[in-house]
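Peer 1: what follows is a predicted protein model with its sequence.
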Amino acid sequence: MPASQNERTEAGVKAAAGVAATGLTAAGALHALWTVDPWPLGSAAAFAETVVGVPEDQLPSVPLTLAVAAALGAAGYLVLSNGGIARTLGPEKLNRAGLWTLAGVLAARGAGGLVTSGLGLGSSTEAFRHWDLVLYSPLCLTLAGLTAFVARRTATRRTRRDRAQVRGRARTRSGATQ
């Protein structure tokens, strides 16, 4: 039997949420790793130049890098939970706002990186600009798109469900008063 439109939408939302959460969580794991190892580069100096775009003595602190790692992990969970893969924590409105905020932050980072690195603005290294144009910014834009897709598709589904529940309660009340 062919899948219904709702089933296909649900599968698409779950796939997008899974891919976005995997990317966010992997980025978080990399940030945690980078507090102890400059992988995939051989030295802290090469890492600073290529991944962060600054001299080695200007690398972010370990606590700051761990905070970014934790935020990326939390963002991954937020996308999973709103995509219906994991249990949602907290009020739905807060989750929805968080999901849209995440999509906006990722989009801003992606677009901002393309502009600044593409136009050679700022003081980033040439190696960083190269990777910002071919990997970092496009990845942020992809994650932003997937996150926004999850936010939009789940909002539509919830809105329809909420309207149906309201109509059902209205029918129940009107039937009870007659």
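Peer 2: All right, it came through fine.
Peer 1: what does stretch 42-62 contact?
Peer 2: Trp34, Thr35, Pro38, Leu41, Val68, Ser124, Thr125, Ala127, Phe128, Arg129, Trp131, Asp132 (CB atoms under 8 Å, 6 or more residues apart in numbering). In short, each C-beta sits where N, CA and C put it, glycine included.
Peer 1: quick one: which of those residues is nearest to Leu78?
Peer 2: Relative to Leu78, the closest of the contacts of stretch 42-62 is Val68; by CB to CB it sits at 15.2 Å.
Peer 1: which element is the closest one on?
Peer 2: helix 62-82 (DSSP states H and E).
Peer 1: follow the chain on from that helix and name the next helix or strand.
Peer 2: helix 92-118.
Peer 1: which stretch of helix or strand covers the closest residue to Leu114 other than its chain neighbours?
Peer 2: Using CB to CB, 6 or more residues apart in numbering and skipping the chain neighbours, the partner closest in space to Leu114 is Ser137 (4.7 Å). Per DSSP H and E, Ser137 falls inside helix 137-177.
Peer 1: quick one: mean pLDDT for that helix?
Peer 2: Average pLDDT, helix 137-177: 77.
Peer 1: and stretch 110-126, what's its mean pLDDT?
Peer 2: The model assigns stretch 110-126 a mean pLDDT of 96.
Peer 1: CA atoms of that stretch as PDB?
Peer 2: Only the C-alpha atoms of stretch 110-126 are listed here, as PDB (Å, rounded to 0.1, in the frame of the first residue of the first chain):
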ATOM      1  CA  GLY A 110      26.600  30.600   6.900                       C
ATOM      2  CA  ALA A 111      25.600  33.700   5.000                       C
ATOM      3  CA  GLY A 112      28.000  35.900   7.000                       C
ATOM      4  CA  GLY A 113      30.900  33.500   6.400                       C
ATOM      5  CA  LEU A 114      30.300  33.500   2.700                       C
ATOM      6  CA  VAL A 115      30.200  37.300   2.500                       C
ATOM      7  CA  THR A 116      33.200  37.900   4.800                       C
ATOM      8  CA  SER A 117      35.400  35.200   3.400                       C
ATOM      9  CA  GLY A 118      34.200  35.700  -0.200                       C
ATOM     10  CA  LEU A 119      35.000  39.400  -0.100                       C
ATOM     11  CA  GLY A 120      38.100  39.000   2.000                       C
ATOM     12  CA  LEU A 121      36.700  41.100   4.800                       C
ATOM     13  CA  GLY A 122      38.200  40.900   8.300                       C
ATOM     14  CA  SER A 123      41.600  39.500   9.400                       C
ATOM     15  CA  SER A 124      41.100  35.800   8.900                       C
ATOM     16  CA  THR A 125      43.800  33.700   7.400                       C
ATOM     17  CA  GLU A 126      43.700  32.700   3.700                       C
END
